[in-house]
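Student: With the sequence up front, the predicted model follows.
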Amino acid sequence: MSLKSLPTKQYLTPGHRMCSGCGAATTLRQVFTALEKPPIIVNATNCVEVATTPYPYTAWSVPWIHTAFECTAATASGVETGLKVLQRKGRIPKTDTPLIAIAGDGGTYDIGLQALSGALERGHNFTYICYTNEAYMNTGIQQSGATPKFGWTTTSPTGKVVPGKVRFQKDIMKIVVAHDIPYAATANPAYPLDLVKKVRKAVAVEGPSFIVILATCPRGWRTESELTIEIAREAVLTRYWPLYEVENGKYKITKDIVKKRPVEEYLKYQGKFRHLFKPKRQDALIQELQDYVDKKWEELVKLENLT
């Protein structure tokens, strides 16, 4: 597979109102490039929803359903069940049209977790795409379950006593994999071929599949918009965002980082971590984040070797 061999048809068209350098916009265009057939999309309330469908306009060229913040997986479950019933009754022909659910980290790690868990447990046949920009960006940059430790948000401000968020982020992949679904993976827009391969695998399986993708947010992360892909790449090269998949319970690292870069090479671009470097460098806090990244990588390597 090469970039030149991918379809050029775009289901998320130009003309949307997402910010310059928005990681979610780049991510979703890559996701839909992987699809060989037009999908049906279920989209939670989030930046993507409000920026692509300001009434009476839309940037979508395929069937698209807006659902409440917490209901993405529940709505996708209903669509999938409805299609099965209509096909069984002969009302519509049987097809393999991809059903894609899209939500951010707030609607996945937090207020949508119950609906997601239920849909995975019931075995509904759809692909759930979570793009994580590590906070509730659409409603004012509030802390979410995906916000990293020491990260600044409007509800985890930085100060002399409390330097940002006080706990590490949830490991959403472990939660999802615990449901014994056929396929789950992490992805990153700086590695488009890896992302496309994973989307194609996810869509092809029978049953629920899940992909979580790191999506830089220039406004919420306080980064330069032209550095979106460079920052995303540093997340992988520092092992902060490891690329791996879990297929029928078997772990596989899809981008092995032999010579890791220190995690501060990823942090230094982001204004939300500026307090770790200025006015006085916080070496102990940076080292705590480095230790966490190293520990999670070691856990992943063990899981790969065990399975």
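Tutor: Cool, got the structure. Residues are numbered from 1 along each chain as shown.
Student: the longest helix in this structure is where?
Tutor: Determined from DSSP state H, the single longest helix within the chain is helix 283-306.
Student: buried set for that helix?
Tutor: Under the neighbour-count criterion of 16 or more other CB atoms under 10 Å, helix 283-306 has 285-286, 289-290, 292-293, 297, 300, 303 buried. Bear in mind the C-beta positions are built from the backbone N, C-alpha and C, glycine included.
Student: Could you work out the end-to-end span of stretch 232-243 for me?
Tutor: Start to finish, the residues bounding stretch 232-243 are 12 Å apart (CA to CA, to the nearest Å).
Student: again, but for stretch 2-10
Tutor: First-to-last residue span, stretch 2-10, CA to CA: 17 Å.
Student: I'd like the distance from the longest helix of the chain to the chain centre, please.
Tutor: 20 Å (CA atoms, centre = their mean, to the nearest Å).
Student: so what does it touch, helix or strand wise?
Tutor: Applying 3 or more CB pairs under 8 Å, 6 or more residues apart in numbering; DSSP states H and E, one finds that helix 283-306 makes contact with strand 250-253, helix 264-267.
Student: Highest mean neighbour count out of the ones you listed?
Tutor: helix 264-267 (a mean of 20; mean count of other CB atoms under 10 Å).
Student: Can you pull out the residues in contact with that one?
Tutor: 231, 234-235, 237-238, 240, 273, 276-277, 286, 289-290 (CB atoms under 8 Å, 6 or more residues apart in numbering).
Student: repeat that with 7 Å
Tutor: Outside helix 264-267, the residues that touch it by CB atoms under 7 Å, 6 or more residues apart in numbering are 234-235, 238, 240, 273, 276, 286.
Student: can you tell me which of these are in helices?
Tutor: Those of these lying in helices (DSSP H): 234-235, 286.
Student: of all these, which comes closest to Val199?
Tutor: The closest of those to Val199 turns out to be Ala235 (CB to CB; 18.8 Å).
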